[in-house]
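[1] The following comprises the amino acid sequence and a computationally predicted model.
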Amino acid sequence: MKIVMCAALFAGSLTAAPAAAATACYAGTWTLTAMKVVDRETLPEGGVETTVHKGKPLIKMVLSATSVKYTFTGSKKTSFTRTGGVEDLRGWHQYSGVLTMRAKVVGDTKGRVAMIAKGASGNAGETGNFIPSTQPVGDPVPLLSGLEDGFYDTPLVKNAAFTCSGDSMRFVDKRTYRKITTAADLRFTRASQR
């Protein structure tokens, strides 16, 4: 009888063990493999200047429910074209360094992700130039200086809708900074298992 009761208690303890919580789809390390970001700025003299950024920058991003870390070092150049202003222009941008921000994610396979400028840290910077250009490339402009003024640079999002499935994730962000409206479409591929 004692053996039977012990066996029953042991079996019950096995079935009563809580299941491990599943990791959210969005959580993990990602690589930005495609982007299209469109900025439209209302000009003082009238009209709208449109800048389209495109590329495969291969920026690394580690995302959790409460934080995001970008590693820009080793990323690739992205291109831009600008039309509607005084003259049409084209050029490139490239990012370097590291940026860490607080984040707030709502959802799992779809929802919203907000990245919070206040308290951001790191040495991330941006360089760029026009094509063609006779001017040398200057020192990187710190991304923190833009964030302190409320400006989110091209590969960042302010408050984006996201969808996640397996090893793919997409951010769609629409934001405004002064007289500039931005529509960002960022596509990520999972770089490591959750």
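    Received it, and whenever you're ready, just let me know what you need.
[2] Can you give the distance of stretch 34-52 from its chain's centre?
    20 Å (Cα atoms, centre = their mean, to the nearest Å).
[3] Which positions in it come out as buried?
    If you call a residue buried by 16 or more other Cβ atoms under 10 Å, then stretch 34-52 has these buried ones: 35, 37, 39, 41, 49, 51. From N, CA and C alone the C-beta is placed, and that goes for glycine too.
[4] I'd like these written out as JSON lines, with distance to residue 87 added.
    Conversion of these to JSON lines gives the following (distance: Cβ to Cβ, whole Å):
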{"residue": "35", "distance to residue 87": "25"}
{"residue": "37", "distance to residue 87": "21"}
{"residue": "39", "distance to residue 87": "17"}
{"residue": "41", "distance to residue 87": "15"}
{"residue": "49", "distance to residue 87": "10"}
{"residue": "51", "distance to residue 87": "13"}
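[5] What residues sit buried inside the host helix or strand of residue 185?
    Mapping residue 185 onto the secondary structure by DSSP states H and E places it in strand 180-190. By neighbour count, and taking 16+ other Cβ under 10 Å as the criterion, the buried residues in strand 180-190 are 182, 184, 186-188, 190.
[6] Please apply the same query to stretch 54-70.
    The neighbour-count check on stretch 54-70 (16+ other Cβ under 10 Å) flags 55, 57, 59-63, 68-70 as buried.
[7] Among those residues, which are located in strands?
    55, 59-63, 68-70 (DSSP state E).
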